[in-house]
Structures are given as C-alpha cells and as structure tokens.
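> My questions concern the predicted model and sequence given below.
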Amino acid sequence: MFRVKSIMLMCLSVILMFSLSVMPSSSIAAGQFISGAYGGKAYKLYVPDGYNGSASYPLYVMLHGCTQDANQFATGTQMNTLADEKGFLVLYPEQSSAANSSKCWNWFETSHQSRGSGEPNVIAGMVQSIKNNYSIEHDQVYVAGLSAGAAMSVIMGATYPDVFSGVGVGAGLEYKAATSTINAFTAMSSGGPNPVQQGRLAFQAMGSRAKLMPVIVFHGTSDYTVNSINGEQVISQWAVTNDLVANGSEDGWIDANPESSGNFQVPSGKSYAVNDYKGQDGKVWMKRVFVNGMGHAWSGGSSQGSYTDPQGPNANRMMWEFFDSFVDGNEEPPEPPVTAATPAGGIYSSALQVELVSDGPDTTYFTLDGSTPTTMSAIYTTPILITETTTLKFFSEDEEGNTEQIKVEEYIIQSGEPNPDPEPNPDPEPNPDPDPEDPNDTSILFSIGTEDGFVGKFFADGKGNGDIKIGDKGMYNTDTYRGILSFDTSSVGGSAIISAKLRLYKKSTQGSVSSLQLDIKKGVYGSSAQIEQGDYSSLSNQTNFVQFSPPANEYVEIELPANSLVDINKNGKTQFRLKAITTAGFSSNIIEFHGGEHGEFAPQLILVTEE
C-alpha cells in the first residue's frame, strides 16, 4: 500500500507541475499507427508514410513516463512526424495500470533490472516481434524515454546491448539508481549511488554482449521531480561503462569530462548547454543537453501531448542526428545468405523432392503457388515434394536480418504421380445430373483466380492474389487476414435463384481456427475486382451473415440463407469476404483455401434457379 501511495504522490506532483497538459489530438503524420500487444502489454507501432518492405528501416523504441500512454507520448514528442521525414519506424510499448497503478515503468524494482526477466524481457521480445514482421536495420534500433521511461531505457541499453544501438534519456536516472520505492524517491530528489559503481554494474549486465553505447541525455535545470544531478550521473555512469567496454579497463579511454561545450538559444524559446564526450577514437559517444529553466518534461514537441516543453530544443531531431552519426554509409555491406535448390528447376517425368540448402544457419522461406515469399511464408524444414508443375520461390535470412534476393525455380512435370491435393468428395457430385422431374436448373460457377486472394488488416500485413488466407499472424493479434472470393454471376440473368451454397477446398491450416464468418457484396469491394487494401474493411451488403466451422475433411459447403440470395448480382460480379475467429496468442492461426486457379479445387458457387 505504501508503494502505491508513493507512486501516486510522485505522479501527482508531476501532474500539478504540468496542468497545461491536454489529451492528444490527431497527429499530422501521414503513416499508419498500428495497435498491437505482446507479452501481456499493449503497444502502438508507427509505420512511416511510404514504407516499403523491400527496404530496411531504423526502429526507435519510445518509453513513456508515468500516467502517460502511447498516444499521449506520440502526440507530445511528435516523433511520428520526424519518422515520416527521415524514414524510420517508432514502437511505443505501453505500461499497464495492472503492473503499476500510475503506469510507471518499474525501473526501481530488482525484478525489472536484468536481462531475461520482467519488463526488460517483454520490451526486448516486443522489439523482436516487430523485427520479425517488418524490415528493420539490425544495428539501428534505438531506445529512448521520459522520466520512468528514460530510467528503463538506461536499463535496456545495459541489459540488451545486442538489441539496441543507442540510448536516449529524457529526465532519467542512471542504471539501478534505486532498488526499492523508498530509494526511488531518494534518487529522484538527490541522485542515486556512486555512478562509478553503477557504471561497473552496467558493464557486468552487458556480459559477453558488451559494446560501446551511444548515449544522449536531456534534462531541465528546473526539474524538481527528477533532479538534474541525475542527468549528470547518467553521463558519469555510461562513461565508466563505455570505458570498460573499450578495452576491459578503467583507463580513461572515455570519461565524464567533456571535450567540447557550447551554449545555444531556441528562437523565442529557452537557452541550453550541450556537452560532448569523446572516446580516444575521436567519436562523440555521449552528449548531454541541459535546458535552462525547463522542468520535468520532454524537450521540444507539442503541448497537445503531456509533459512537454515546446520552448526547449527539439530532442527528437538532436537524438536522430546524434544516432545517425554512427551509421557508416561507406562500410562494406554484409554478405547476404546464398541458397540453392537441389535439384534445380527443369522438366521432369515424375514427382521429385527438392532440397533448399543455405550456406549458413539461416531461415529459408518459400512459396509453391508463384506468389512472392515473405517472412510470413512457410519455413523450409524438410525436402519439398513436387508432384505437379510448380513455381518455387524462396529466399533465406540470417540471424542478423540480412536477406538474399528471391530466387525462382520452375518445375514442369510432364507425366508423374497424381495431384497431391485431396480429391474432391464424390458425393455430392460437383456437376450432378439434373433430375428429369425437377423443373429447376443447377449451375456451378467457379471463382475467378486472378481476383481471389487475401488482404491484410494493415498495409504492412500485405495482400495477394491466388490462395485465400484467413486468420491471424500471431503475437497476440487477431483478424489479420481476410479472404476475398470473386464470382461472375451475370449468367444467372433473369432467372430466380431458389438456393445457393458455397464450396471451399482446404489447402492448409496452421494453429487453430475455431470458426469462420462470411460477408457478401453485390458487386465488388473496391474500385475494381482486383485485390485492394481497402477490401479489408469496405462495406458489405450483409456482414457475418453466415458463421461456419472449418472443414474437417477436404472441403466445406456453406448453405447461403434465403435472405442473402437477393445480394447475388445477376448483372455482374458477386464477391464474398471470409474472416476467421481465433484466440489471440503468440503463434499464428491461419487457414488457407484453394483459389480459382486450382481448377477442380477452385471455390464453387452452386446455384439452383428456376427454368
């Protein structure tokens, strides 16, 4: 109880100081702000305008302060706007009120100060999940924060130096500045333990992964919540840590005495002092920015967020410029993996098994339907059985995220083993003979392969033609992929439709899909029948009008209710959209159905009409 009250008092003092704070308004940034969750914590991910999965981007991890959330921190810092300008992604992990009543990161508790445990473990895992789904530069991942988030950023730099390439500290504290709530208040008001001692502890925490860490510190001279002595201690601590990393001894390779200093003025704003700390290699490894008269706030940014001082220097831009100075554009690019298919593509008279052999301990992704493989595609583990003419596409990615160009092998089977796909159930017949006493006609329409496919929830989730993918990508997401089916139903003409059912042939499943839902569109979802990003959420004539279980065997038939028959377009095309009901978890849950290009396994719309 004492701890909860103490934290609440701490946050109350901050709130009183910044009574001008308001709820965030919409950002002017042009990219996408995506919600997600990992390890029991929510997050927001900003994907910049113009993101291209074939390029690689830096990632900034922004840790908010007490009482804040991702939206407030993003709006206040305006980091998303800079991300659009410079081209990087921004991850905003969120602390929950269940973990801390004031949503402070628990930097002062020993269970959250080490690698592999507590909040550092979750944040590092969250970063890895983003790297698994987006094209991130392995050595350009940075962590920064405000107040409690800044103290946690220091911990992340010390415990995960293999993940992060730089640390930004806004009104924060040194590594392990406190190990209890009472110690936290002492450190905030008058500083933590001896920074030389804490620097050694941070070096020990780095372990065998130790590396020189760029650190930039921002602090207000009028900060009465976290005294500015803590900004000095952060520099002193990292000077010792980096000195030990450089050559294993404390010999002054770098120290807490600045090699250069300067005083500057924000036009119509606050003055500030900048100190640069160089190593013996001549590089500025640490930078300290003290803002005169600034309280407990993020320097720069917008007053539309919380705990910012727009009259201070722009911390975002200074941080980006500092970290960017360590990116060597002239260094030799890493060698990508090299993967070969054995045997190579060609004409074969019978089925064969194909091995994908990489030159390192890499992960190889592949597709067999001619679509472009991504890191969400199937992972190669055992030889691939090819029994029919197939387009194999593949590439490998090494442990550092380096990828090779996609390779293509064409396998033409002139006569061989039968199609490995499951044979359709012969009962009922796909084309039943008409009953001579039945006055009605039965017709079977096959879906249009070039218009079938799937679309992801966000543009980063992708879209594609061909097979119909439905489900989630894991990492506690749901409803990531929706499938689109397209039929030309103009042949119905003026005939009255008596009944209709949809037949889908299962291709593969991954994880668990409990049920599926169906939407219908009289016409097409987007501006054309081709798969478009907007197809995911475009309006339907009827939504979730059928819910059914995944097929237990080769295929499933869905009887369309009578009230949906009016939405079958007799003068053009009719489209269906498939959605999956899954349980959020780390692993993906996906079901795939064959698209219209698979001939006898193509989706079928079976219509019974009056003659």
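Noted; the coordinates are in hand.

> Let me see the mean pLDDT of stretch 61-70.
Mean per-residue pLDDT for stretch 61-70: 96.

> Could the C-alpha coordinates of it be exported in CSV?
Taking Å, rounded to 0.1, in the frame of the first residue of the first chain, the C-alpha atoms of stretch 61-70 are listed here in CSV:
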residue,chain,number,x,y,z
VAL,A,61,11.5,2.4,-29.2
MET,A,62,9.9,5.2,-27.1
LEU,A,63,9.0,4.5,-23.4
HIS,A,64,6.5,6.9,-21.9
GLY,A,65,6.5,8.4,-18.5
CYS,A,66,4.2,7.9,-15.5
THR,A,67,0.4,8.4,-16.2
GLN,A,68,1.1,8.5,-20.0
ASP,A,69,0.2,6.2,-22.8
ALA,A,70,1.4,5.6,-26.3
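
> doesn't Glu85 fall inside a strand?
No. Judged by DSSP: H, G, I helix; E, B strand; the rest coil, Glu85 forms no part of a strand; its state is helix.

> gap between it and Val354?
Separation of Glu85 from Val354 (C-beta to C-beta, to the nearest Å): 45 Å. To be clear about C-beta, it is placed using only N, CA and C from the backbone, and glycine gets the same treatment.

> Then Glu597?
Going from Glu597 to Val354 by C-beta to C-beta gives 21 Å.

> Glu85 and Val354: who's more crowded?
A direct count of neighbours by other C-beta atoms under 10 Å for Glu85 and Val354 places Val354 higher, at 21 against 14.

> I'd say the more buried one and Thr339 touch.
No. Judged on C-beta atoms under 8 Å, Val354 makes no contact with Thr339 at a distance of 11.7 Å.

> buried set for stretch 368-375?
Leu368, Asp369, Ser371, Pro373, Thr374, Thr375 (16 or more other C-beta atoms under 10 Å).

> now stretch 45-57
Those would be Leu45, Tyr46, Val47, Pro48, Tyr51, Ser56, Tyr57, for stretch 45-57 by 16+ other C-beta under 10 Å.

> Can you check what pLDDT the model gives the third one?
Going back to what we said before, that points to Val47. At Val47, pLDDT is 96.

> Same check on Met10?
46.

> now swap in Lys469 and tell me
94.

> wait, what's in contact with it?
Phe454, Tyr481, Gly483, Ile590, Ile591, Glu592 (C-beta atoms under 8 Å, 6 or more residues apart in numbering).

> residue ranges for the helices of this structure, please.
Taking DSSP state H, the helices of the chain run over residues 2-17, 70-77, 79-86, 118-133, 148-159, 181-190, 195-206, 229-247, 315-324.

> Packed most tightly, which of those helices would that be?
helix 148-159 (a mean of 30; mean count of other C-beta atoms under 10 Å).

> C-alpha coordinates for it, PDB please?
Output in PDB follows, covering the C-alpha atoms of helix 148-159 (Å, rounded to 0.1, in the frame of the first residue of the first chain):
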ATOM      1  CA  ALA A 148      10.400   6.400 -15.600                       C
ATOM      2  CA  GLY A 149      10.600   5.500 -19.300                       C
ATOM      3  CA  ALA A 150      14.100   7.100 -19.500                       C
ATOM      4  CA  ALA A 151      15.300   5.200 -16.500                       C
ATOM      5  CA  MET A 152      14.000   2.000 -18.200                       C
ATOM      6  CA  SER A 153      15.800   3.000 -21.400                       C
ATOM      7  CA  VAL A 154      19.100   3.000 -19.500                       C
ATOM      8  CA  ILE A 155      18.300  -0.500 -18.200                       C
ATOM      9  CA  MET A 156      17.500  -1.700 -21.700                       C
ATOM     10  CA  GLY A 157      20.800  -0.300 -23.000                       C
ATOM     11  CA  ALA A 158      22.700  -2.100 -20.300                       C
ATOM     12  CA  THR A 159      20.900  -5.400 -20.400                       C
END
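
> Which other helices and strands does it contact?
If you count contacts as 3 or more C-beta pairs under 8 Å, 6 or more residues apart in numbering; DSSP states H and E, helix 148-159 packs onto strand 57-63, helix 118-133, strand 136-146, strand 166-170, helix 195-206, helix 229-247.

> Just checking the distance from it to the centre of its chain.
21 Å (C-alpha atoms, centre = their mean, to the nearest Å).

> That one to strand 166-170, inter-axis angle?
Taking axes from the mean of the first three to the mean of the last three C-alpha atoms, to 10 degrees, one finds helix 148-159 and strand 166-170 inclined to each other by 160 degrees.

> Residue ranges in this structure under the pLDDT threshold?
Within the chain, the stretches with pLDDT under 70 are 1-29, 329-334, 415-440, 460, 475-476, 586, 611.

> Tell me which of the helices and strands packed on helix 148-159 lies nearest to Lys521.
helix 118-133 (28.9 Å; C-beta to C-beta).
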